[in-house]
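Novice: test case, fold it:
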Amino acid sequence: MSNFEIRVGYNNNQNTIRTNQLCFFYNGQMTPQTTQTFTCQIPSPRGRYVTIQRTGNPPSGALSLCEVNVIGNVVP
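Specialist: This next block holds a predicted model:
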C-alpha cells in the first residue's frame with residue numbers, strides 16, 4: 001500500500017468526500033502483509049464517515065485492505 005489519505009467527516013458522496021477533514025496522509029510505500037496503526041493528526045475529528053483512498057494524479061493501483069478498525073467516541 002502506498003500514497004493514501006484518511007479523511008473523517010459527514011460527506012459520503014464521491015463528489016464531496018474531499019471536503020471531509022484530512023485526518024492522516026501517507027506518502028511512500030508500506031511493507032506488504034503488515035499491521036499498521038494510524039492516529040488522526042487533527043484534534044477531535046468529527047464525522048460519521050471514515051474514508052481511505054489512494055492519492056496521486058491519477059491514483060494508481062488498487063487499494064487492498066484486509067481489515068479496518070476505527071475507534072472513536074460518540075458525541076451527543
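Novice: pull the contacting residues for the residue sitting nearest the centre point of the chain.
Specialist: The residue lying closest to the centre of the chain (C-alpha atoms, centre = their mean) is I6, at 1.8 Å. For I6, the contacting residues are L22, C23, F24, F25, F38, C40, V50, T51, I52, by C-beta atoms under 8 Å, 6 or more residues apart in numbering. Any C-beta I mention is one placed from the backbone N, CA and C, and that applies to glycine too.
Novice: now the buried members of those residues.
Specialist: With burial judged by 16 or more other C-beta atoms under 10 Å, the buried subset of those is C23, F24, C40, V50, T51, I52.
Novice: which residue packs closest to the second one, ignoring adjacent ones?
Specialist: The reference is to F24. Leaving aside its chain neighbours, F24 sits nearest to I6 (4.2 Å; criterion: C-beta to C-beta, 6 or more residues apart in numbering).
Novice: tell me what that neighbour is bridged to.
Specialist: Beta-bridge partners recorded for I6 (DSSP bridges): F24, I52.
Novice: from P76, how far off is it?
Specialist: Shown here: I6 relative to P76, a distance of 24 Å by C-beta to C-beta, to the nearest Å.
Novice: same check on T39?
Specialist: For T39, the distance to P76 equals 24 Å [C-beta to C-beta].
Novice: more neighbours: which of these two?
Specialist: T39 (7 against 2; other C-beta atoms under 10 Å).
Novice: mind listing what that one touches?
Specialist: T39 makes contact with F24, according to C-beta under 8 Å, 6+ apart.
Novice: of the buried ones among the contacts of I6, which is the nearest to N11?
Specialist: The closest of those to N11 turns out to be T51 (C-beta to C-beta; 8.9 Å).
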